[in-house]
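K.L.:
sequence first, then the predicted structure, then my questions.
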Amino acid sequence: MRVHFIAIGGAAMHNLALAMHEKGAEVTGSDDAIFNPSKSRLEAAGILPKKTGWFPSQIDTHLDAVILGMHAREDNPELLKAQELGLNIYSYPEYLYEQSKNKMRVVIGGSHGKTTITSMVLHVLNVQKIDCDYMVGAQLEGFSTMVKLSDAPVIVLEGDEYLSSPIDRRPKFHLYKPHIALISGIAWDHINVFPTFEGYLKQFELFIDQIQDGGYLTYCSEDESLNIISSSNPEIETEAYELPEYEIEDGTSIISHENGETKLEIFGAHNLLNMMGALNICKQLGVAESEFFIAMSSFKGASRRLEKIFEREGLIVYKDFAHSPSKVRATVKAVRDQFISHKVIAGLELHTFSSLNKSFLEEYKNTMNGVDKAYVYFDPKSVAHKKLEDLSEAAVYESFDRKDLKVFTDSAVYCDAIREEINAKTVVLLMSSGNFGGVVVEDFAKSL
């Protein structure tokens, strides 16, 4: 099989390319820029493009499939050539379905927690030595790639609600047609695609409609919207999950269950909810509850999800992918609750289209409450690049509704402000889907 990837350098795309190469396909690809770790990983596999750029000459009738990444545009010359030749053109999620249409498909969806729950399920299945294929949005300990495609009878897919490709405007998770599904919660996001909450909510109703007859859906009972729409597909079984009983002792979360108690590496009420969702999924896949909790005791979390990046006596630094309001609120609360005797400094970067949009900013109200110091950074260049209305520091300040909030547009000044607040017992939480204007957060953490 010959497969060509247009925009092979993306985080998701290069992992799919590696998975297809591992499966034995002849893989080629192109991109106008490829950075590490994608570059070095593609090079190690022998499938790094020799030159950057778009080369229509690579597209011919011998290709079995052309996979189009979100980074490419509708007028991409290779895409136009593939369309002219009538080749099989797939979006990333479309091709994942093509490779898994004869498998049992497990899809983890929701506005928050998707990556963490998928990671939990994969960790437990790995410990239990249950073979499965997968796609997950973070690099996991014990897994060489973020995508695996083989002859395994089950595939576990992280179900993103964002668009599939430049020429396919359907949300990714509409294409997977799950047998077993989870929705962690619904909180308005991606306003450039879904300008109203009602339109965003509709995507989850459509996802539930895609669950196969006789299938299964588990969802968080704390989400009002899910309690309403979870029964919209009468052909499936539904089951809610809720927060377990737990306590925090010396900075460690301990949960109680019918088989006893389990000490966890993870913490935060949102992560314990995520775990209970993962439990329901794993039970559907034949894992006993007792075995699930044994496996979860060694789960340390997914990359950039409350990931501890530095610790010395008196200082702990975490980084987190939190950027949407619901994620920020949950992550801030988790750290505050876990470290009640520490000074907690929370730093957030507004980086996404939604977070830099004036009409959406009010959704961040009270999300940074509870911590000792709260700082927000945004880069005016990002606002201009996204062609959004100019954003002032005053507008950001007002939206969070916290009197002592400090807002920065200079990353060096932002870092200095955090550094000045470090004392003998401090936790620093750095939240962003970007990089704080070019800051290497691991180096910054060590500098503290």
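P.N.:
Structure received. Numbers count the residues shown, from 1 in each chain.
K.L.:
helices and strands of this protein: which one bottoms out on pLDDT?
P.N.:
strand 246-249 (a mean of 88; mean pLDDT, DSSP states H and E).
K.L.:
average pLDDT for the next helix or strand after that one?
P.N.:
Sequence order places strand 252-257 as the next helix or strand after strand 246-249, per DSSP states H and E. The average pLDDT within strand 252-257 is 90.
K.L.:
hmm, who's touching strand 252-257?
P.N.:
Strand 252-257 is contacted from outside by 244-248, 261-264, 266-268, 272, 275, 289, 293, 338, using C-beta atoms under 8 Å, 6 or more residues apart in numbering. C-beta: built from backbone N, CA, C; applies to glycine.
K.L.:
list the ones among the residues you listed that fall in strands.
P.N.:
Within these, residues falling in strands by DSSP state E are Tyr246, Glu247, Ile248, Glu261, Thr262, Lys263, Leu264.
K.L.:
so can I have a markdown table of those showing neighbour count and distance to Lys425?
P.N.:
Shown next, in a markdown table, are the ones in strands among the contacts of strand 252-257 (neighbours: other C-beta atoms under 10 Å; distance: C-beta to C-beta, whole Å):
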| residue | neighbour count | distance to Lys425 |
| --- | --- | --- |
| Tyr246 | 17 | 23 |
| Glu247 | 10 | 21 |
| Ile248 | 13 | 16 |
| Glu261 | 12 | 28 |
| Thr262 | 20 | 28 |
| Lys263 | 11 | 23 |
| Leu264 | 20 | 23 |
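K.L.:
in JSON lines: the residues you listed, plus distance to Val344.
P.N.:
Shown next, in JSON lines, are the ones in strands among the contacts of strand 252-257 (distance: C-beta to C-beta, whole Å):
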{"residue": "Tyr246", "distance to Val344": "20"}
{"residue": "Glu247", "distance to Val344": "20"}
{"residue": "Ile248", "distance to Val344": "14"}
{"residue": "Glu261", "distance to Val344": "27"}
{"residue": "Thr262", "distance to Val344": "26"}
{"residue": "Lys263", "distance to Val344": "23"}
{"residue": "Leu264", "distance to Val344": "20"}
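K.L.:
quick one: contacts for the nearest residue to Gly268 once chain neighbours are set aside?
P.N.:
Distances taken as C-beta to C-beta, 6 or more residues apart in numbering place Ala334 nearest to Gly268, at 2.6 Å, with adjacent residues excluded. Shown in contact with Ala334 (C-beta under 8 Å, 6+ apart): Phe267, Gly268, Ala269, His270, Asn271, Leu306.
K.L.:
wait, which of the ones in strands among the contacts of strand 252-257 is closest to Val396?
P.N.:
Nearest to Val396 among the ones in strands among the contacts of strand 252-257: Ile248, at 32.4 Å, using C-beta to C-beta.
K.L.:
residue nearest the centroid of this structure?
P.N.:
Nearest to the mean C-alpha position of the chain, by C-alpha atoms, centre = their mean, lies Thr115 at 4.5 Å.
K.L.:
so that one touches Gly301, yeah?
P.N.:
No: counting by C-beta atoms under 8 Å, Gly301 is not a contact partner of Thr115; they are 9.8 Å apart.
K.L.:
which strands and helices sit next to the helix or strand hosting Asp416?
P.N.:
Per DSSP H and E: Asp416 is located in helix 411-420. Contacts defined by 3 or more C-beta pairs under 8 Å, 6 or more residues apart in numbering; DSSP states H and E place helix 411-420 against strand 343-350, strand 373-378, strand 406-408.
K.L.:
please, where are all the strands along the stretch 151-300 of the chain?
P.N.:
154-158, 163-165, 168-171, 180-183, 216-220, 237-241, 246-249, 252-257, 260-264 (DSSP state E, counting those that start in this stretch).
K.L.:
for this protein, which segments count as helices?
P.N.:
11-23, 38-45, 77-85, 92-100, 114-127, 197-210, 224-229, 269-284, 289-296, 325-338, 380-385, 393-400, 411-420, 441-447 (DSSP state H).
K.L.:
deepest of the ones you listed, which one?
P.N.:
Using mean count of other C-beta atoms under 10 Å, the stretch among the helices of the chain with the largest mean neighbour count is helix 114-127, at a mean of 25.
K.L.:
now what about that one, what contacts it?
P.N.:
106, 108, 110, 132, 134, 136-138, 140, 142-143, 156-160, 182, 184, 271, 274-275, 277-278, 281-282, 285, 287, 291-292, 294-296, 298-299, 301-302, 305, 321.
K.L.:
re earlier: using CSV, write down the CA coordinates of the helix holding Asp416.
P.N.:
Provided in CSV are the C-alpha atoms of helix 411-420 (Å, rounded to 0.1, in the frame of the first residue of the first chain):
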residue,chain,number,x,y,z
SER,A,411,6.7,37.4,28.5
ALA,A,412,10.0,38.4,30.2
VAL,A,413,8.1,40.8,32.6
TYR,A,414,5.6,38.0,33.1
CYS,A,415,8.3,35.5,34.1
ASP,A,416,10.0,38.0,36.4
ALA,A,417,6.7,38.7,38.2
ILE,A,418,6.3,35.0,39.0
ARG,A,419,10.0,34.7,40.0
GLU,A,420,9.6,37.5,42.5
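K.L.:
what inclination does it have with respect to strand 373-378?
P.N.:
If you take axes from the mean of the first three to the mean of the last three C-alpha atoms, to 10 degrees, helix 411-420 sits at 170 degrees to strand 373-378.
K.L.:
just want the angle from helix 411-420 to strand 343-350.
P.N.:
On the basis of the same axes, to 10 degrees, helix 411-420 is oriented at 170 degrees to strand 343-350.
K.L.:
residues contacting helix 411-420, please?
P.N.:
Contacts for helix 411-420 (C-beta under 8 Å, 6+ apart): 345, 347, 373, 375, 377, 379, 406, 408, 428, 436-439, 444, 447-448.
K.L.:
what's the ChimeraX line that selects buried ones from those?
P.N.:
The ChimeraX selection below is limited to those of the contacts of helix 411-420 classed as buried (16 or more other C-beta atoms under 10 Å):
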select :345,347,373,375,377,379,406,408,428,436,437,439,444,448
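K.L.:
so what's Ile6 bridging to?
P.N.:
Per DSSP bridges, the residues bridged to Ile6 are Ser30, Leu68.
K.L.:
how close does it get to Lys177?
P.N.:
25 Å (C-beta to C-beta, to the nearest Å).
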